[in-house]
Structure formats: structure tokens, C-alpha cells
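*Asks:* A predicted structure for the sequence below; I have some questions about it.
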Amino acid sequence: MAQTIGYNINYTRAYTEVNCLLNYLPQSYIDKLPKKLIQLIQNQSSKQYNIDIDTNKSLLDQNFSKETRDLIAVLKYNYWSTEEEKKHLEEIFYNNENKYQEELREKYNLDNLFKEKKEEAVIENTNLPIEIKKETFFKKLISFIKGLFNKTN
């Protein structure tokens, strides 16, 4: 339940930020959006959340949440991009997804997980074994006889 509340708060903030941003965009951009989508954005926006948009900064320099950036990316791709721009965005999305999947493969690769544990085991066992020399029966006998001669002297 708590995760759902956090999810709703994040997206309420995102819709509010996008709604505010729409007020600063040229009408030609607004006209490209479906009316139902604009209504959805307005209905999901919060009236209590205040947003400061600095018109002197670019979109990338604004202090938008990740969810807001995601919504803007979807709007850009679906409604404001030319076919050429869509192809370029698809390449970016594809490359980002590949990088993400590669990071997951490296992070959760079973070989790497076991390799790290083996390295830890080797590091932990740095005590070298002490070589214990066992005397053979013959050496014990000679030592015993020498001991007898030393006692008699």
C-alpha cells in the first residue's frame, strides 16, 4: 500500500509539472496533443503543488522529477517528433536499454557471483600451514641411543 501511495505522489507531481510546462509551450505543441490527454494531465495534477519553471533554462536544466522527464519523453516521441527524430529517439532508447541489460547481466552473472565468493575465501585463508616433520623410527632409535650415551657421560 505504501508503495502505491509513493507511486501516486510521484506521478501526481509529474502530471502537475507537465501541466505547468504546457502553459509555457507554443500553442502549436498543445494542438498536437489529443484533448483527452490534456484533460487527463489536468485531472491528475495537484492544485497544492507549486512549480517553479525558469524560462531562462532549458528543459534539461529544470529541476523536474524522473517521472516528469519520462512523461515529456513520451509526449515528445508520440506527438512532437518528426519521423527522423523518432528514429533517432528509438536508437537512443534501444542503446539505453542495451546498456541497462548489460549492467544487469554483469551484476547478476552467476559466474561473477561465485568468483567473488571464491576470491573472498582465498583472501580469508591467508594462514599458511606449518610443516610438521615426523621423525622416522630409525631417527628416533638413534636419538634414543645418543641420549643414553649422553646420560652416562
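*Replies:* Arrived safely, thanks for sending.

*Asks:* Output the longest helix belonging to this structure.
*Replies:* helix 83-107 (DSSP state H).

*Asks:* Grab the CA positions of stretch 50-65 and hand them over as PDB.
*Replies:* These are the backbone C-alpha positions of stretch 50-65, laid out as PDB (Å, rounded to 0.1, in the frame of the first residue of the first chain):
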ATOM      1  CA  ASN A  50       3.700  24.700  -6.700                       C
ATOM      2  CA  ILE A  51       6.100  24.600  -9.500                       C
ATOM      3  CA  ASP A  52       8.800  27.000 -10.400                       C
ATOM      4  CA  ILE A  53       9.800  26.900 -14.100                       C
ATOM      5  CA  ASP A  54      12.700  29.100 -15.000                       C
ATOM      6  CA  THR A  55      12.000  30.200 -18.600                       C
ATOM      7  CA  ASN A  56      15.700  31.200 -18.900                       C
ATOM      8  CA  LYS A  57      16.700  27.500 -18.500                       C
ATOM      9  CA  SER A  58      16.300  24.700 -21.000                       C
ATOM     10  CA  LEU A  59      14.100  21.700 -20.200                       C
ATOM     11  CA  LEU A  60      17.100  19.600 -19.300                       C
ATOM     12  CA  ASP A  61      18.300  22.200 -16.700                       C
ATOM     13  CA  GLN A  62      14.900  22.300 -15.000                       C
ATOM     14  CA  ASN A  63      14.500  20.500 -11.700                       C
ATOM     15  CA  PHE A  64      12.000  18.000 -12.900                       C
ATOM     16  CA  SER A  65      11.400  14.600 -11.400                       C
END
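
*Asks:* Which residue ranges make up each domain of the chain?
*Replies:* 1-80, 83-122 (automatic domain parsing).

*Asks:* Of those, flag the one that's most buried.
*Replies:* domain 1-80 (a mean of 13; mean count of other CB atoms under 10 Å). Placement of C-beta: from N, CA and C, glycine included.

*Asks:* Just checking, which helix or strand of this protein averages the lowest pLDDT?
*Replies:* helix 110-124 (a mean of 61; mean pLDDT, DSSP states H and E).
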